[in-house]
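[1] Sharing a model prediction with you, sequence too.
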Amino acid sequence: MLSKNLIRLSVFPLSLLLVLSLSLTMSVPVAATAAEEPGPTFVDPTALLEQRDNIRLGHLDYIAPFAYLKAGSGEKFIHIGDESNIQDNTFLDASGGPIEIGDQVIIAHGARVLGKETPASIGEEGICPPDETTGVVPVHCPSFVGFNSEVDGAIIEKDAMVLSVARIAPGVRIPSGFKVLPGKEIESQDQVMEKTVPMVAADRAFMAAVIEVNVDFAIGYTRLRAEDPNNVFGINFDAGPTATDPDRDLPSFRGVPTRRPNYARDFGGKARIVGDVDFVQTLSQFGAVSGVKNSLRADEGEEWIIGTITTMKDNVTWHALEDTRIQLGNRGSYGVHSIIHAGPSSFGPFTHTTAAGNNFRLKDKGVLFNAVVGDNVTIGVKSLVQNSSLPSGTVVEDRTVILNDMPPYPVEW
C-alpha cells in the first residue's frame, strides 16, 4: 500500500486521474493446478453477471456492488484477467462485441466499457515500464479507466489511463505511457497526442496501490462470507482487517451501529452500506429518501460523517482512499450515478477530508473528488470538481471540469 507521504506526493497526478436475477452470492473459485495456488475472486451479491457462462474471471479479482457485466452469445464474451477490479456501478456491455480486460486493470466507479465489432481491450496490449531498480520489464502492470468515463470499442494499453468523465471512441488506441485528460473525448487516433499527457511515477504508484487494496477486498470479503454468508449483504461489516483497514466496522444511523443484511428486502430497494460511516438520520429516514443500487463503502478510508439527506437517487457511489474521509453537511441532494470520492486533500481544516457544506447539490453523473465545497454549492450534470476548493454559493454548470482550482473547461461529450 502507499504511505501517506507517497499519496500526498501524488496529489497532482491524482487530479488528472483520480476505481438480481443472476447475481453471484459467493466468491468465484478457480481450479488450482499443482504449480499454483490462486487466491479467491469475490463477486458482490448485488453485482449482476448476465450470460454468466460467457464471462471468464481470473484470480484475485474484485467485482464491486452493483457492477453490471453483460455478455452476449458466442464471441460476445467478457474476459477478465488476474488482480483486476470492476468497481461500483460500472457497466461492461459485450452484447455488441467482446470485451477483454487484462491483468491488474482498474475499472473505476461508474465507468462504462462497451464492446463493438472490434473488441474493447484494456490492459491486454502494449508494454510495461522497466523496473526502476532492476531495469527488468514486467509482463503485467496496471491500467486505469476513471470515474464516469467511457471506453467505447477502444483499446487502452497496459500502463495507460483514461481519467474521469473522458470518452474514447471506437477504434482509438491509447498507447502505453499516456493518460487521457479528464473530460476529453477522443474520436480519432490523430487526437490522441493532443488530449493526453505522459504518465509519471506517482500515477503508477497510485495504480499499484489501488490494485493492492482491491486484492485485499477480494480476500477480505471472501473471508467475511466464509464466516457467515449474511455478512456480505445489505448494511454490514467492511472487509477488515486488511492492510488499509485494520478493524472491522459497521455503519451507524443516529449513533446506532447497524447490521441489516435484509435491508434491500425490508425497504424495497437495494443498497450496500459498509464500514465506519455515521449518518445523522435514522435508518428509516435514510430509507425514505434514498433510491436503489447505492453503494456507500467506508472500507478503505473511513470515519465518515453524513448530515441529513434530502434525496439520494439511484446508482450513487461514495468511497474514500486510505486515510481519507467524507464529511457532508445537512440537506444534501445526490443525483443518479453521482460519485463522491475522498482523497488526500489539504484544504485548511479539511486535511484528507472531502467535504461539502449544507444544501449541497450533486446532479446526475456529477463527481466530487478530493475537494472541499462550501454551503449552497451545486455541481452540474456530468461535471467534475477535483483537487479544488469552491466557496459557498458556487454553481458549476453542466458538463464542466474544475481541476486544481484552475479555470473551468467543458466536458467534450
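    Received it, and whenever you're ready, just let me know what you need. Numbers count the residues shown, from 1 in each chain.
[2] Show me which parts of the lengthiest helix in the chain are buried, residue by residue.
    For the chain, the helix with the greatest residue count under DSSP state H is helix 201-227. For helix 201-227, a neighbour-count test (16 or more other C-beta atoms under 10 Å) marks 202-207, 209-225 as buried. Yep, even glycine has a C-beta here, placed from its N, CA and C like the rest.
[3] With stretch 92-108 instead?
    Quick answer for stretch 92-108 (16+ other C-beta under 10 Å): 92-94, 96-108.
[4] End to end on that stretch, go ahead and measure it.
    Using C-alpha to C-alpha, to the nearest Å, one end of stretch 92-108 lies 12 Å from the other.
[5] Which other helices and strands does the longest helix of the chain contact?
    Helices and strands touching helix 201-227, by 3 or more C-beta pairs under 8 Å, 6 or more residues apart in numbering; DSSP states H and E, are helix 4-9, helix 11-16, strand 42-43, strand 62-63, strand 85-86, strand 105-107, strand 143-145.
[6] For that helix, the averaged confidence score.
    The predicted model gives helix 201-227 an average pLDDT of 97.
[7] how distant is the next helix-or-strand element following it from the center of its chain?
    Moving toward the C-terminus from helix 201-227, the next helix or strand (DSSP states H and E) is strand 235-236. The chain centroid and the centroid of strand 235-236 are separated by 19 Å under C-alpha atoms, centre = their mean, to the nearest Å.
[8] cool, and stretch 64-80?
    17 Å.
[9] for stretch 81-96, same thing?
    The answer for stretch 81-96 is 11 Å, by C-alpha atoms, centre = their mean.
[10] how long is it from one end to the other?
    End-to-end span of stretch 81-96 (C-alpha to C-alpha): 21 Å.
[11] again, but for stretch 234-247
    Distance between the two ends of stretch 234-247: 19 Å, counting by C-alpha to C-alpha.
[12] Stretch 242-250 now?
    Terminal-residue distance, stretch 242-250 (C-alpha to C-alpha): 15 Å.
[13] One more: stretch 402-413?
    OK, stretch 402-413 end separation, C-alpha to C-alpha: 16 Å.
[14] what does stretch 158-165 give?
    Note: stretch 158-165 ends 20 Å apart using C-alpha to C-alpha.
[15] For it, the averaged confidence score.
    Stretch 158-165 shows an average pLDDT of 98 in the prediction.
[16] How about stretch 303-312?
    98.
[17] which residues are contacting that stretch?
    Residues from elsewhere that reach stretch 303-312 (C-beta atoms under 8 Å, 6 or more residues apart in numbering): 276-281, 285-286, 289-291, 294, 298, 318, 320, 325-334, 358.
[18] Just the buried ones among those residues, please.
    Applying 16+ other C-beta under 10 Å to the contacts of stretch 303-312 flags 276-281, 286, 289-291, 294, 298, 318, 320, 325-334, 358 as buried.
[19] Inside strands: which ones of the residues you listed?
    277-279, 294, 298, 318, 320, 325-328, 332-334 (DSSP state E).
[20] got the contact list for stretch 131-143?
    Stretch 131-143 is contacted by residues 81-82, 102-106, 122-123, 127-130, 156-161, 201, 204, 207-208, 210-211 when judged by C-beta under 8 Å, 6+ apart.
[21] one more time with 6 Å
    Outside stretch 131-143, the residues within contact range by C-beta atoms under 6 Å, 6 or more residues apart in numbering are 103-105, 122-123, 128, 130, 156, 158-160, 207, 211.
[22] just stretch 60-74 next, same as before
    So stretch 60-74 is in contact with 39, 41-44, 46-51, 54-55, 77-78, 80, 82-95, 214-215, 217-218, 272, 293, 295, going by C-beta under 6 Å, 6+ apart.
[23] next one: stretch 93-107
    19, 70-72, 75-86, 90, 92, 113-117, 119-124, 140, 142-145, 210-211.
[24] Buried subset of the residues you listed as a PyMOL selection?
    The buried residues among these can be selected in PyMOL (16+ other C-beta under 10 Å) with this line:
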select buried, resi 19+70+71+72+76+77+78+79+80+81+82+83+84+85+86+90+92+113+114+115+116+119+120+121+122+123+124+140+142+143+144+145+210+211
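[25] now, which of the contacts of stretch 93-107 lie within strands?
    Per DSSP E, strands hold the following members of these: 70, 78-80, 85-86, 92, 113-114, 120-122, 143-145.
[26] and Thr242, what does it touch?
    Counted by C-beta under 6 Å, 6+ apart, Thr242 has contacts 216, 220.
[27] now swap in Phe360 and tell me
    By C-beta under 6 Å, 6+ apart, the contact list for Phe360 reads 332, 377.
[28] Next one: it, what pLDDT does it get?
    Phe360 carries a pLDDT score of 99 in this model.
[29] Could you report the distance from it to Val401?
    Noted for Phe360: a distance of 19 Å to Val401, by C-beta to C-beta, to the nearest Å.
[30] cool, Tyr334 as well?
    For Tyr334, the distance to Val401 - C-beta to C-beta - is 19 Å.
[31] now do His352
    23 Å.
[32] More neighbours: which of these two?
    Val401 (26 against 21; other C-beta atoms under 10 Å).
[33] contacting residues for that one?
    Going by C-beta under 6 Å, 6+ apart, Val401 touches 182-183, 384, 409.
[34] So among these, which ones count as buried?
    Buried by 16+ other C-beta under 10 Å: 182-183, 384, out of these.
[35] Just the closest of these to Arg260, please.
    Nearest to Arg260 among these is Leu384, at 32.9 Å by C-beta to C-beta.
[36] Got the phi and psi for the closest one?
    phi -130, psi 130 (degrees, to the nearest 10).
[37] now Arg52
    Per-residue torsions, Arg52: phi -60, psi -30 (degrees, to the nearest 10).
[38] Mind splitting this protein into its structural domains?
    If you go by automatic domain parsing, the domain ranges for the chain are 4-31+38-207, 234-410.
[39] Phe237 against Pro251, yeah?
    No - Phe237 lies out of contact with Pro251 (C-beta atoms under 6 Å); the separation is 9.3 Å.
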